[in-house]
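A.B. asks: predicted coordinates and the sequence they were generated for:
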Amino acid sequence: MTEQTPLTCALGFIRALEAGGGAGEVGTFLADDFTLVEAPHLLAPEGSTRGRDQVMAGADQSRHVVSGQRFDVRRSTCEGNRVVLEMDWSATLLMDLRYWDAGETIRARTTSVFEVRDGRISSQDSYDCYFTGDAAAV
């Protein structure tokens, strides 16, 4: 991977996810010691912490859960190696989930904080707020 700015790295990662990229595409943006920390949200009330291998396996599995992922970046902030992206996310469900049925569009407002080292993402902290059928964010 050629050297890139922290912002282009974080946006490249988001675009790879959006394109339905699996481990091969997503993994090129992640450092070997990558860690994802998700704050508690509707689908993971306890929150979660995952390493690179778990995230890459999830990227492969997501093809069976959602299609047409879209990340609309509302605002980006960069300072040194830290990138913050505020985004509106949506996808079409391919299976039933607790609050939605297959075929429905699921939506969330999300903010992710990325740390980039040597042109690869070393960590991501994600704060997701999902919208249910009554449009209330949770």
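C.D. replies: On my side now, so go ahead. Numbers count the residues shown, from 1 in each chain.
A.B. asks: from residue 121, how far out is the nearest residue to residue 50 once chain neighbours are set aside?
C.D. replies: Of all residues not flanking residue 50 in the chain, residue 36 sits nearest, at 4.8 Å (C-beta to C-beta, 6 or more residues apart in numbering). Using the backbone N, CA and C atoms, a C-beta is placed for each residue, glycine as well. Between residue 36 and residue 121 the distance is 9 Å, computed by C-beta to C-beta, to the nearest Å.
A.B. asks: now what about the helix or strand harbouring residue 35, what contacts it?
C.D. replies: In this structure, residue 35 sits in strand 30-38 according to DSSP states H and E. By C-beta atoms under 8 Å, 6 or more residues apart in numbering, the surrounding residues in contact with strand 30-38 are 13, 44, 47-52, 54-56, 117-118, 120-126, 128.
A.B. asks: sort out for me which of those residues are in helices.
C.D. replies: 13, 52, 54-56 (DSSP state H).
A.B. asks: pick the one among those closest to residue 72.
C.D. replies: Checking the ones in helices among the contacts of strand 30-38 against residue 72 with C-beta to C-beta, the nearest one is residue 13 at 15.6 Å.
A.B. asks: what's the local residue count around the residue nearest to residue 51 when sequence neighbours are not counted?
C.D. replies: Spatial nearest neighbour of residue 51, excluding adjacent residues (C-beta to C-beta, 6+ apart): residue 35 at 6.0 Å. Close neighbours of residue 35, defined as other C-beta atoms under 10 Å, add up to 18.
A.B. asks: this completes my enquiry, with thanks.
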